[in-house]
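Novice: Turn this into a model:
(one chain, ligands or ions: 1)
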Amino acid sequence: MTPALATMVAEARSTGTLSGLPDRHWINGTRCPSGSNRLMETVDPGTGKAFAQVAAGNAADVDFAVSSAHKALDGPWRTMVPAERGRLLARAAALIRANADRLAVAEALDSGKRLVEAQGDVGGAARAFEYYAGACDKFQGSAIPLGPDYISYTTHEPIGVAAQIVPWNYPISTLARGLAPALAAGCAVVAKPADQTPLTALMMGELLAQAGLPAGAYNVVTGTGVEVGAPLAAHPGIDHITFTGSVATGIHVMQSAAANVTRVILELGGKSPILVLADADIDAAIEGTLGAIFENAGQICSAGSRLIVERSIHATFVEKLVKRANDFHLGHGLGSADMGPVNSAAQLDRIAGYVERAISRGAKLLCGGKRTVDPETGLGWFYQPTVLDNLPADDEAVQQEIFGPVLVVQVADSAEHAVALANGTDYALVAGIYTRDFAKAHRIAARLDAGQVYINEFFAGGIETPFGGNRRSGFGRAKGFDALTSYSKLKCITARL
Ligand code: NAD
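Specialist: Numbering: from 1, shown residues only. Presented below is the predicted three-dimensional model:
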């Protein structure tokens, strides 16, 4: 840790907050109070105490943000040539890196995640801007062969104003993976961060302005889902919505979008499997499984929350895994813990409820299973790393997203059986496979219903690799070059010579 970062962490730990955090919307290139003049608190999950306030927005604020975005589209943002847009995004990436310490500490306080994870997320946000900076002047159309009497070609036009509705588990990285391709494609953006984690989206406003983004091309309205999210999703001035969040809210957003025939991408939940076959490198599979379910205290849409292990290695694998899980130290995200808190008291209740009900139905609790607190302060919303075994495939703990540090174990009698179990929920977001047999791994990968499949490293990939789900995990793809198509309209122009 650099001395500057250590000083910032010490300030945050002793005062419980950071000075100079943004407390208003970011609209039309400037900080802007809510029309209602109301504020709302944001809470540090590691202590359970409020540490900052932001504007509590409403439909009028959404209107202002959408009209500012349209003005930007009619102004210099529309005429900026792609290479210049690319240079602007590259400057934004450099500014994110230059301000990485402050962004990471704010993110850790707001979400509860460990500082090292927050640093990874901020680095990922910078990578998103870097990646799409390079894409601006390469996102080209094609020529269509109609013979000597015609010229026919396609162009990608910006879709217009793109809404980004973001959840609390990966605030800056989820925002950046939508915002960077949207700006690269020439769109203007209105973002609505989660009520629980508004800060880094607001901080991005200042950085993008410093990078030279015209006023109105990026706007942030903070507030609740009902008061800000719903009017944004239903706004006739929005041309595209990227919604990342729960299935229930995603359905509402899709219904609102339908009324205006607005395009929508849904990045929803998951119940993703990790298949560990008998010939796997056991130590690598154990480390992969621990990261897949206990990183960010399991609050990851693509968490590996179901371990599907072949029967012949089940007992030894689970024994080693549980020994490692029992060694995890829990504590505040700005300390040196292996796992931080969950994001809210409501989320803690939800997780505890799933585990208690599973045990009452006969699940075998292999480790964890209890709420706890930061051992240093006695505060915060913590849940022990938990492993549940001996549950039938149709049990709610196997079928539903718990969104916490809870792994359920399923036993497979063969690779074939493992595939059937893996595809046996309503979700289809990601899947992991651990085996030394590469041919078998690729055959299984082809049969898994998932937007991403990882072989021998869970979460392998980065901003370059397209991400998204199938079935109740949603549709549309973020990341990679494919994401640019979400933010553009394809036009085909044909001329008779
Ligand atoms: P959520 O659906 O409650 O909230 C997500 C966002 O939607 C928040 O900004 C919220 O304020 C807003 N919102 C709430 N009600 C709204 C409404 N009626 N109209 C418009 N917006 C509204 O989800 P959450 O609890 O914040 O996040 C957890 C969920 O997100 C999990 O299910 C998780 O799997 C999912 N998630 C998915 C991905 C992915 O990429 N697939 C990534 C992260 C999280």
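
Novice: can we go C-alpha only for contacts and neighbour counts from here?
Specialist: OK.

Novice: tell me which residues in the host helix or strand of residue 4 are buried?
Specialist: Using DSSP states H and E, residue 4 sits within helix 3-15. Buried residues in helix 3-15, counting neighbours by 16 or more other C-alpha atoms under 10 Å, are found at 8-9, 12.

Novice: what's the answer for stretch 427-444, then?
Specialist: So for stretch 427-444, counting by 16+ other C-alpha under 10 Å, buried means 427-435, 441, 444.

Novice: What distance separates the opening and closing residues of that stretch?
Specialist: End-to-end distance of stretch 427-444: 17 Å, with C-alpha to C-alpha, to the nearest Å as the criterion.

Novice: most centrally placed residue in the protein?
Specialist: Centroid check for the chain by C-alpha atoms, centre = their mean gives residue 174 as the closest residue, at 4.0 Å.

Novice: ok, for that one, nearest residue in space, not its chain neighbours?
Specialist: Nearest residue to residue 174, sequence neighbours excluded (C-alpha to C-alpha, 6 or more residues apart in numbering): residue 166, at 6.6 Å.

Novice: Quick check: that neighbour touching residue 246?
Specialist: No - the pair residue 166 and residue 246 does not pass the contact test of C-alpha atoms under 8 Å, sitting 10.4 Å apart.

Novice: which of these two has more neighbours?
Specialist: Higher neighbour count among residue 166 and residue 246: residue 166, with 27 against 19, using other C-alpha atoms under 10 Å.

Novice: tell me which parts of the stretch 201-350 of the chain are close to the ligand?
Specialist: Neighbours of the ligand within the stretch 201-350 of the chain, by C-alpha under 6 Å from any ligand atom: 224-226, 229-230, 233, 244-246, 249, 252-253, 267-270, 300-301.

Novice: could you redo the last one with a cut-off of 8 Å?
Specialist: Taking C-alpha under 8 Å from any ligand atom as the test, the list of the stretch 201-350 of the chain residues beside the ligand reads 223-226, 228-233, 243-250, 252-253, 266-270, 299-302.

Novice: Could you pick out the buried ones from these?
Specialist: Buried members of those, counted by 16+ other C-alpha under 10 Å: 223-225, 228-233, 243-247, 249-250, 253, 266-270, 299-302.

Novice: This protein - how does it break down into domains?
Specialist: For the chain, automatic domain parsing gives the domain ranges 3-268, 272-462.

Novice: Report the distance from the first one to the chain centre.
Specialist: Going back to what we said before, that points to domain 3-268. Distance of domain 3-268 from the chain centroid (C-alpha atoms, centre = their mean, to the nearest Å) equals 12 Å.

Novice: what comes into contact with the longest helix along the chain?
Specialist: Counting residues, the longest helix found in the chain (DSSP state H) is helix 115-135. Residues from elsewhere that reach helix 115-135 (C-alpha atoms under 8 Å, 6 or more residues apart in numbering): 85-90, 92-94, 96-97, 100-101, 103-105, 107-108, 170, 172-173, 176-177, 180-181, 184, 296, 333-335, 463-464, 481.

Novice: Now do the helices in the stretch 101-250 of the chain.
Specialist: If you assign secondary structure with DSSP state H, counting those that start in this stretch, the helices in the stretch 101-250 of the chain sit at 115-135, 171-184, 199-211, 230-233, 247-260.

Novice: With distance to residue 73 and mean pLDDT as extra columns, can I get those helices in a markdown table?
Specialist: Shown next, in a markdown table, are those (distance: least, C-alpha to C-alpha, whole Å; pLDDT from 0 to 100):
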| stretch | distance to residue 73 | mean pLDDT |
| --- | --- | --- |
| helix 115-135 | 19 | 98 |
| helix 171-184 | 11 | 98 |
| helix 199-211 | 16 | 98 |
| helix 230-233 | 18 | 98 |
| helix 247-260 | 20 | 98 |
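
Novice: would you list the ones you listed in JSON lines and tack on distance to residue 340?
Specialist: Below are these laid out as JSON lines (distance: least, C-alpha to C-alpha, whole Å):
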{"stretch": "helix 115-135", "distance to residue 340": "9"}
{"stretch": "helix 171-184", "distance to residue 340": "16"}
{"stretch": "helix 199-211", "distance to residue 340": "19"}
{"stretch": "helix 230-233", "distance to residue 340": "31"}
{"stretch": "helix 247-260", "distance to residue 340": "25"}
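
Novice: ok so, going back, the longest helix of the chain vs helix 171-184, what angle?
Specialist: 10 degrees (axes from the mean of the first three to the mean of the last three C-alpha atoms, to 10 degrees).

Novice: Before I go, just wanted to say thanks for your time.
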